[in-house]
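# Show me the folded form of this:
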Amino acid sequence: MKTKYIIILLFSVAIFSAQKKIMKISYQYNYLTDSTNKLSEKEDLMILAIKDNKSYFYSEFKQIGDSLLEDDVKNGIDLANALKIKEKYGLSKNSYFITKDYQSSLLLFSDKIMNNSYSYFEQIPTIPWKILKKDEQILGYQTIQATAHFAGRDYIAWFTTEIPVFDGPYKFQGLPGLILKLTDTKNNFLFKAIAIEKNKYINTNSKMGKVIPTTKEKYAELKKNSVTNFIQFINSTSEVMVSPVNTSEKPKEKPYNPIELN
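Numbers count the residues shown, from 1 in each chain. Have a look, this model is predicted:
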């Protein structure tokens, strides 16, 4: 029994030391904006940056786009015209920025919806992982498979104990090694590591500007309305009231497929 506790202690020390190292993991992220339509699939390049016992998760394309937009505005480009170039400025990419602070056990979620930025705190979630025996080679690392139910969806993860960092993409973490691949069982969301860099410069600036504090529930409501019912969203978040062109028909809601269902 004493030997068991010593092993656990040494493992915890190893994880804490690894978590303090600087590491940048790039994930290819494929996701469906409409769960009923495979043609709605989108792709992004997400970064998990680990530094000083914290981790940061964000879209690389969005970060680059924000920097380009900032520079172009400083050089005199008209902002209204600039915002029409969605691809150059990463406007169609994921705008959320997640910070996990392992010392305080708090997670900060920030996102930009239209012209406003919102953020909320929550405890880093405890995910009930079940470790399996199946394995797979990813980026030359031997991985182990694990399953869990989180936020209304069932997930399969592949993690490697060869990198003793108990973190992963999005809000996922808590396994005895780095998560290199993760998908839900309905194949709506897939994160797969494509590169791992150590001692790499890490950008921890979320570029959110002035942030409005909110709750997780209120944010989820705002995010959904901004996608499914744009007019309702504008009317609930600004002083300007907008009416639909055709008032005789109820506006048809656009498909919405959030990664968290509850």
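# Only C-alpha atoms from now on, for both contacts and neighbour counts.
OK.
# Three-state assignment for Gly65, please.
With DSSP: H, G, I helix; E, B strand; the rest coil as the basis, Gly65 sits in helix.
# Check what pLDDT it gets.
pLDDT, Gly65: 70.
# ok, for the most centrally placed residue in the chain, nearest residue in space, not its chain neighbours?
With distances taken as CA atoms, centre = their mean, Tyr170 lies nearest the centre of the chain, 3.7 Å away. Excluding the flanking residues, the one nearest Tyr170 by CA to CA, 6 or more residues apart in numbering is Phe57, at 6.3 Å.
# Work out for me the element the one you found sits within.
Secondary structure assignment for Phe57, by DSSP states H and E: strand 54-59.
# what helices or strands is that strand leaning on?
Packing partners of strand 54-59 (3 or more CA pairs under 8 Å, 6 or more residues apart in numbering; DSSP states H and E): strand 41-51, strand 97-101.
# Those: which one's closest to Asn203?
strand 41-51 (8.0 Å; CA to CA).
# Tell me which residues are up against that closest one.
Applying CA atoms under 8 Å, 6 or more residues apart in numbering, the external contacts of strand 41-51 come out as 19-34, 55-61, 93-94, 168-169, 202.
# thinking again about what came up before, burial count for the residue nearest to Tyr170?
Residue neighbour count, defined by other CA atoms under 10 Å, stands at 25 for Phe57.
# Mind listing what's buried along whatever helix or strand Asn225 lives in?
If you go by DSSP H and E, Asn225 is part of helix 216-228. Judged by neighbour count using 16 or more other CA atoms under 10 Å, the buried positions of helix 216-228 are Tyr219, Leu222, Lys223, Lys224, Asn225, Ser226, Val227, Thr228.
# In terms of secondary structure, what does it contact?
strand 116-123, helix 230-237.
# lowest-confidence stretch among these?
When I compare the helices and strands packed on helix 216-228, helix 230-237 is least confident, with a mean of 65.
# that older thread, could the helices and strands packed on strand 54-59 go into JSON lines alongside distance to Asn262?
Converted to JSON lines, the helices and strands packed on strand 54-59 look like this (distance: least, CA to CA, whole Å):
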{"stretch": "strand 41-51", "distance to Asn262": "22"}
{"stretch": "strand 97-101", "distance to Asn262": "18"}
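# Lys223 and Asp44: what is the separation?
Here the criterion is CA to CA, to the nearest Å. By it, Lys223 lies 19 Å from Asp44.
# Then Ser206?
Going from Ser206 to Asp44 by CA to CA gives 17 Å.
# residue contacts, Lys21?
So Lys21 contacts Ile50, Lys51, Asp52, Asn53, Lys198, Asn199 (CA under 8 Å, 6+ apart).
# what about the first one, distance to Lys38?
I take that to be Ile50. Ile50 sits 33 Å away from Lys38, going by CA to CA.
# show me what contacts the residue lying closest to Glu260 once chain neighbours are set aside?
Nearest non-adjacent residue to Glu260, counting by CA to CA, 6+ apart: Ala151, 5.0 Å away. By CA under 8 Å, 6+ apart, the contact list for Ala151 reads Ile259, Glu260, Leu261, Asn262.
# ok, now with 6 Å
Counting by CA atoms under 6 Å, 6 or more residues apart in numbering, Ala151 touches Glu260, Leu261, Asn262.
# In terms of helices and strands, where is the first one?
If I follow you right, that is Glu260. Here Glu260 is assigned to no helix or strand, by DSSP H and E.
# That one: neighbour count?
10.
# The last one now?
Using other CA under 10 Å, Asn262 has 10 other residues around it.
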